[in-house]
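sequence and predicted model, in that order:
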Amino acid sequence: MGIISKTYKYFFYLPLDRLIFYIAIKTNGKIYQLLFNLFSLIKKSPNRIYFKENYYYNTEIKWRFYHRKQGLYAYGGGFKKRKNELLSTYLIKNLEFKDDDVVIDVGANNGDFYLCFDKKIKYYAYEPSPVVFSNLEYNVKNQNLYNLGLSNSDDSKIDFYLKDEFGDSSILPINNYTKKISLETTTLDKEIDKIQQRIKLIKLEAEGFEPEILHGLKKYLNSVEYITIDCGFERGVKQESTIAECSNYLIKNNFKMINFGAPRIVTLFKNLDI
């Protein structure tokens with residue numbers, strides 16, 4: 001595409017908000033701050049950010065992020081919009097929660113899923129990436145946060161492939177990862193054994209590693225009421241979906257798929273025994 005065609009595309013064809021988005025994610029620091037706030041203004045969002053010591057801090061609520069693309073995508077439209085997006089994406093907007101319900105968030109990232117709950121839930125969050133986990137700790141206070149990976153075996157060290165810019169890090173080898181680190185893992189059975197309470201909901205988003213994590217949930221599977229899973233095309237180098245493996249395991253164990261979201265491929269399962 002020639003320079004004239006590119007200029008036409010960016011300045012005439014694309015809406016202004018998309019143009020600012022594409023420019024902003026290629027910048028950083030104070031320039032990114034300026035463009036983020038312009039984007040939010042166009043979106044009629046009350047959220048603004050400021051840049052300090054390599055992190056971006058939101059002003060609508062006390063919230064922090066590090067990765068620019070994900071930050072603008074998630075928070076540029078404001079936190080009310082973000083909450084509604086997550087309720088719809090994970091198919092839980094019609095579920096009823098009460099105080100002290102236990103919610104387990106596997107692949108918690110910055111903690112955005114916690115925004116979905118107005119009740120005083122007991123929140124257990126697992127995020128393997130060190131940088132992203134530091135945001136989770138800043139954003140979510142007085143809850144149960146763990147810098148661990150989930151797997152089908154506990155107390156093991158495995159490789160973890162970092163690709164944090166848009167939340168694509170994975171235990172499985174992936175294309176274009178930025179760094180490989182050693183990761184400590186646990187299982188859902190081991191974690192639920194410590195909780196000793198019925199689990200209202202598990203949200204599972206593990207960039208293709210969802211089947212292995214589910215296989216680490218055997219002993220306490222019948223104490224979980226709902227499981228929402230991102231089964232999108234993210235598994236390994238081939239970027240395969242995990243819907244078949246996850247569905248087969250849960251249906252075999254007396255869960256029923258009660259909702260399905262596309263094109264992202266998100267499924268919501270209900271325990272028929274609860």
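Right, received. Where do you want to start?

name the SS class of the residue nearest to I42 when sequence neighbours are not counted, please.
Using CB to CB, 6 or more residues apart in numbering and skipping the chain neighbours, the partner closest in space to I42 is D17 (4.8 Å). Where C-beta positions appear, they are placed from N, C-alpha and C, glycine not excepted. Following DSSP: H, G, I helix; E, B strand; the rest coil, the label given to D17 is helix.

count of neighbours near D17?
Counted by other CB atoms under 10 Å, the residues lying close to D17 total 16.

cool, R198 as well?
By other CB under 10 Å, the burial measure for R198, its neighbour count, is 15.

got a list of what the closest residue to E165 other than its chain neighbours touches?
Excluding the flanking residues, the one nearest E165 by CB to CB, 6+ apart is H67, at 5.0 Å. Shown in contact with H67 (CB atoms under 8 Å, 6 or more residues apart in numbering): V132, D164, E165, F166, G167.

let's have the residues you listed in TSV, adding secondary structure.
Shown next, in TSV, are the contacts of H67 (three-state DSSP):
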residue	secondary structure
V132	helix
D164	helix
E165	helix
F166	helix
G167	coil
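
any low-confidence regions in the stretch 51-200 of the chain?
Per-residue confidence for the stretch 51-200 of the chain (pLDDT under 70) gives these ranges: 155.

tell me where it has helices.
68-75, 79-89, 130-139, 188-195 (DSSP state H, counting those that start in this stretch).

looks like I25 contacts K69 (just checking).
Yes. With contact defined as CB atoms under 8 Å, I25 counts as touching K69 (4.6 Å).

circling back to that earlier point, tell me which of the helices of the stretch 51-200 of the chain lies nearest to L38.
The closest of the helices of the stretch 51-200 of the chain to L38 is helix 68-75. By CB to CB, the value is 10.9 Å.

figure out how far the closest one is from the centre of its chain.
Its chain's C-alpha centre and that of helix 68-75 lie 12 Å apart, by CA atoms, centre = their mean, to the nearest Å.

what sits up against that helix?
Helix 68-75 has contacts (CB under 8 Å, 6+ apart) with 21, 24-25, 27-28, 32, 36, 39, 47, 49, 56, 58, 60, 63, 65, 82, 109-110, 112, 165-167.

please apply the same query to stretch 114-126.
Stretch 114-126 has contacts (CB under 8 Å, 6+ apart) with 79, 82-83, 86-87, 90, 92, 97-108, 111, 113, 136, 139-140, 143-146, 148-150, 186, 191, 195, 197, 200.

burial count for R68?
Using other CB under 10 Å, R68 is surrounded by 19 other residues.
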